[in-house]
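Trainee: model this:
(one chain, ligands or ions: 1)
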Amino acid sequence: MTHQKLRSSEWFAAPGKTGVGHRTWLNIQGYPDDSFEGRPVIGICNTASDLNPCNAHLTDLAHDVERGVLQAGGLPLTFPAMSLGEPLMRPTAMLYRNLMSMEVEESIRANPLDGVILLGGCDKTTPALLMGAASVDLPSILITGGPMLNGKYRGRDIGSGTDVWRFSEAVRAGEMTEAEFRSTEACMARSAGHCMTMGTASTMACLTEVLGMQMPGSSAIPAADSRRRKSAWLAGRRIVEMVTEGLRPSTIVTRESFENAIVANAALGGSTNAIVHLLAIAGRLGVGLELDDFEDVARDIPLIANIQPSGKFLMEDFFYAGGLMATLSEVDDRLHLDATNVAGTTLGDEIAAAEVHDRDVIRSREDHDALPESTVVLRGNLSPSGAVLKRSAASPELLQHRGRAVVFDGLEDLDARIDDPDLEVDPDSVLVLRNCGPAGYPGMPEVGNMPLPAKLLAAGVTDMVRISDARMSGTAYGTVILHVAPEAAIGGPLGLVRDGDWISLDVDARTLSLEVSDAELETRRSAFTPPVDIPDRGYTRLYIQHVTQADSGADFDFLTGGSGPYVPKRGF
Ligand code: FES
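Mentor: Prediction:
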């Protein structure tokens, strides 16, 4: 390829003062004069941040990528992007996913880049990077930081997130002391990396590989394993080739790729958050994908990976057992095996090369044909635009259930009353939490797995049906119905539920019903004022005014699609 064909040559090979202006300040960093002559310029978008511990090690991987890019004859230029630290950000990291995606998109488009390596890991960073890159559509590879090593506590393995919820309930039930709970902290996060359960980070890492946007075989490599660094190095070499080939996300990620990701999510017992993120990414690429596809495409796909929170093991075990491609070998008849990836191979090639090394961790499909789907889509008069339930993390005895609603009008109301000894609630009650959707909270926080009332925990109750317009952490579990759309705060039926109403759930029939007549609902609706409070200024105002509902990916309505890489105007 000649440098005239490179996008970066519009900057660096420009005549006169324009070219000088673009090149001269780069001398500050000591680049030899021939650095820009026909060399693909590779942006390395680094989300390392001390405010996002799961991504804090990504600068090491950036250096490995740089080596690979240089070896292949490219010029690596690293730049930062906003980093969304799930454990620290308030009100919720999800509020900023779209903002980060905008920053990534505009940072790539505005600069003289021919290809991009995207470094992410913690939950929202991976989808935000993919959304931004998809809207520019330059050759791109995403590298996730890898899961932490297994947590170790008093002789047993513990999982990030999942065991936080377990221990928290144990404390509230009087089975664990606060001091013991505190002592688990360092045991749970003992290496670099993201959560090592099949939470949202691990799920999105795996699904990014299935979509074809992460180097094959790399998504489950532990952060502390040197093979991750080698994979990053190879990705650095490969992105230079991709620029020469003109291989772009829109070529790799197709409707078939998304169907593969949906199948993989079911086989992995992946996070419900993946639904929202995949819908948003598909929207950026102009691929037709709907909530019902998650029901139709994944139907009868059994749970193969025995990983927390749906199973027993952790990501380190998963990698040693054969990892993602070995898991997919169990459902390969449901996959589009000719789907391609950033490495230029096909999904079928990668699956054919995979082996299962531990049948306790990656189970045989023959042994589990009877297992139900991991995630289901529920509809009914309570969720006309859909809701989701992670069946694999729910209690089988609650999948057909009828109970009276106990309604909480928001997180503050929940916090104030859930442990009230006088709360009118019994084990059959259905806990309803509303005003926690995309516009209502805003940002759709991970609070859908609301705590059980202390008095019921003390009585030995371990699960109840819970319904909300919120999300829940991919590491969480329970019979938790999420993403109810439309959300209460914009007038959805969830806002019309009253204490004592009967609610029925039938997972086999995929229904969620509020047993209140249409006439009564109409009466309630006419007296209802949606409680959305729009601030006078700032990002939150933009967010509330433009965020779409969960069944559309909770992206901004004005970000659907892409603007491409072309910038017709120059600054000087
Ligand atoms: Fe960052 Fe779980 S908190 S991946």
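
Trainee: May I have the host helix or strand of V20 as CSV, with CA atoms only?
Mentor: Using DSSP states H and E, V20 falls within helix 16-24. Only the C-alpha atoms of helix 16-24 are listed here, as CSV (Å, rounded to 0.1, in the frame of the first residue of the first chain):
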residue,chain,number,x,y,z
GLY,A,16,2.9,23.1,2.5
LYS,A,17,2.0,24.5,5.9
THR,A,18,-0.8,22.0,6.4
GLY,A,19,1.6,19.0,6.3
VAL,A,20,4.3,20.9,8.3
GLY,A,21,1.7,21.9,10.9
HIS,A,22,0.5,18.3,11.3
ARG,A,23,4.0,16.8,11.5
THR,A,24,6.1,19.4,13.3
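
Trainee: average model confidence for the lengthiest strand in the chain?
Mentor: Using DSSP state E, we find that the single longest strand of the chain is strand 400-408. Strand 400-408 shows a mean pLDDT of 98 in the predicted model.

Trainee: After it, which helix or strand is next? Please name it.
Mentor: Going down the chain from strand 400-408, the next helix or strand is helix 411-417, by DSSP H and E.

Trainee: mind checking how far that following helix is from the chain centre?
Mentor: Here the centre of helix 411-417 is set off from its chain's centre by 27 Å, with Cα atoms, centre = their mean, to the nearest Å.

Trainee: Skip ahead from it and say which helix or strand is next.
Mentor: Downstream of helix 411-417, the next assigned helix or strand under DSSP H and E is strand 430-433.

Trainee: Need the CA coordinates for the helix or strand following that following strand. CSV is fine.
Mentor: For strand 430-433, the succeeding helix or strand toward the C-terminus, using DSSP H and E, is helix 454-458. Taking Å, rounded to 0.1, in the frame of the first residue of the first chain, the C-alpha atoms of helix 454-458 are listed here in CSV:
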residue,chain,number,x,y,z
ALA,A,454,-34.2,-8.9,56.7
LYS,A,455,-37.0,-10.5,58.5
LEU,A,456,-37.5,-13.0,55.7
LEU,A,457,-33.8,-13.7,55.4
ALA,A,458,-33.7,-14.4,59.1
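
Trainee: which other helices and strands contact helix 454-458?
Mentor: Here helix 454-458 touches helix 162-172, going by 3 or more Cβ pairs under 8 Å, 6 or more residues apart in numbering; DSSP states H and E. Every C-beta, even on glycine, is put in place using the N, C-alpha and C of the backbone.

Trainee: does whatever residue of the stretch 201-350 of the chain ends up closest to the ligand sit in a helix or strand, and which one?
Mentor: Here the stretch 201-350 of the chain gets closest to the ligand at one residue, A201, 3.5 Å apart by Cβ to the nearest ligand atom. Assigning secondary structure by DSSP H and E places A201 in helix 200-211.

Trainee: Which strands and helices lie in contact with that helix?
Mentor: Helices and strands touching helix 200-211, by 3+ Cβ pairs under 8 Å, 6+ apart, are helix 125-136, strand 140-144, helix 255-268, helix 273-285, helix 323-328.

Trainee: Not counting sequence-adjacent ones, nearest residue to G68?
Mentor: In space, and not counting its chain neighbours, G68 is closest to G236: 2.2 Å by Cβ to Cβ, 6 or more residues apart in numbering.

Trainee: ok, now W502?
Mentor: Leaving out its chain neighbours, the residue that sits closest to W502 by Cβ to Cβ, 6+ apart is E515, at 4.0 Å.

Trainee: where does the one you found land on pLDDT?
Mentor: Among the per-residue scores, E515 shows a pLDDT of 98.

Trainee: Quick check: it vs M100, distance?
Mentor: From E515 over to M100 the distance is 42 Å, taken as Cβ to Cβ, to the nearest Å.

Trainee: Compare neighbour counts for those two and give me the winner.
Mentor: Neighbour totals were compared for E515 and M100, and M100 leads with 23 against 13 (other Cβ atoms under 10 Å).

Trainee: could you list every residue that touches S219?
Mentor: Counting by Cβ atoms under 8 Å, 6 or more residues apart in numbering, S219 touches 144, 202, 205-206, 208-209, 323-324.

Trainee: so where is this protein shaky, pLDDT-wise?
Mentor: 1-4, 368-372 (pLDDT under 70).

Trainee: Could you pick out the residues of it near the ligand for me?
Mentor: Within the chain, the positions near the ligand by Cβ under 6 Å from any ligand atom are 54, 86-87, 122-123, 160, 194-195, 199, 201.

Trainee: any idea which of the residues you listed has the most stuff around it?
Mentor: Counting neighbours by other Cβ under 10 Å, A201 leads the residues of the chain next to the ligand with 35 neighbours.

Trainee: Now that it has come up, it's in contact with P147, right?
Mentor: Yes. Here A201 reaches P147: they are 7.4 Å apart, a contact under Cβ atoms under 8 Å.

Trainee: Need the overlap of contacts for these two.
Mentor: 194-195.

Trainee: show me the residues around the spatially closest residue to S383 that is not a sequence neighbour that make contact.
Mentor: Computed as Cβ to Cβ, 6+ apart, the closest residue to S383 that is not its neighbour in sequence is V484, at 4.7 Å. By Cβ under 8 Å, 6+ apart, the residues touching V484 are 382-383, 387, 437, 467-469, 492, 494, 512, 550.

Trainee: Repeat the analysis, applying 6 Å as the threshold.
Mentor: By Cβ atoms under 6 Å, 6 or more residues apart in numbering, the contact list for V484 reads 383, 387, 469, 494.

Trainee: And stretch 526-545, end to end?
Mentor: In stretch 526-545, first residue to last residue: 23 Å (Cα to Cα, to the nearest Å).

Trainee: Can you tell me what sits against that stretch?
Mentor: Residues contacting stretch 526-545 (Cβ under 6 Å, 6+ apart): 439, 442, 489-491.

Trainee: burial measure for T92, as a count.
Mentor: When counting by other Cβ under 10 Å, one arrives at 21 neighbours for T92.

Trainee: what about the residue nearest to G68, which helix or strand?
Mentor: G236 belongs to helix 226-245 when assigned by DSSP H and E.

Trainee: Give me the angle between that helix and strand 140-144.
Mentor: Computed with axes from the mean of the first three to the mean of the last three Cα atoms, to 10 degrees, the direction of helix 226-245 lies at 170 degrees from that of strand 140-144.

Trainee: Which strands or helices does helix 226-245 pack on?
Mentor: Under the contact criterion of 3 or more Cβ pairs under 6 Å, 6 or more residues apart in numbering; DSSP states H and E, helix 226-245 touches helix 58-71, strand 115-120, strand 140-144.

Trainee: For whichever helix or strand Q545 is part of, could you pull out the residues that count as buried?
Mentor: Assigned by DSSP H and E, Q545 falls within helix 539-546. Residues of helix 539-546 classed as buried: 540, 542-544 (neighbour count, 16 or more other Cβ atoms under 10 Å).

Trainee: Same question for stretch 273-288.
Mentor: Within stretch 273-288, the residues scored as buried using 16+ other Cβ under 10 Å are 273-285, 287.

Trainee: sorry, back to before: for the helix holding V20, name the packing helices and strands.
Mentor: helix 9-12.

Trainee: distance between the helix it packs on and the chain's centre?
Mentor: 36 Å.

Trainee: One more: stretch 212-224?
Mentor: Chain-centre distance of stretch 212-224: 15 Å, with Cα atoms, centre = their mean.

Trainee: Any idea how far apart the tips of that stretch sit?
Mentor: Chord length of stretch 212-224, first to last residue, is 23 Å (Cα to Cα).

Trainee: what's the answer for stretch 92-99, then?
Mentor: 13 Å.

Trainee: Name the residues that touch it?
Mentor: 84, 86, 124, 128, 443-445, 556.

Trainee: Let me see the backbone angles for D292.
Mentor: Backbone geometry at D292, expressed as degrees, to the nearest 10, gives phi -60, psi -20.

Trainee: What of the one 10 residues further on?
Mentor: When read as degrees, to the nearest 10, the backbone of P302 gives phi -80, psi 160.

Trainee: Can you report how many residues lie near it?
Mentor: 22.

Trainee: And the one 5 residues further on, by the same measure?
Mentor: Counted with other Cβ under 10 Å, the burial measure for I307 works out to 30 neighbours.
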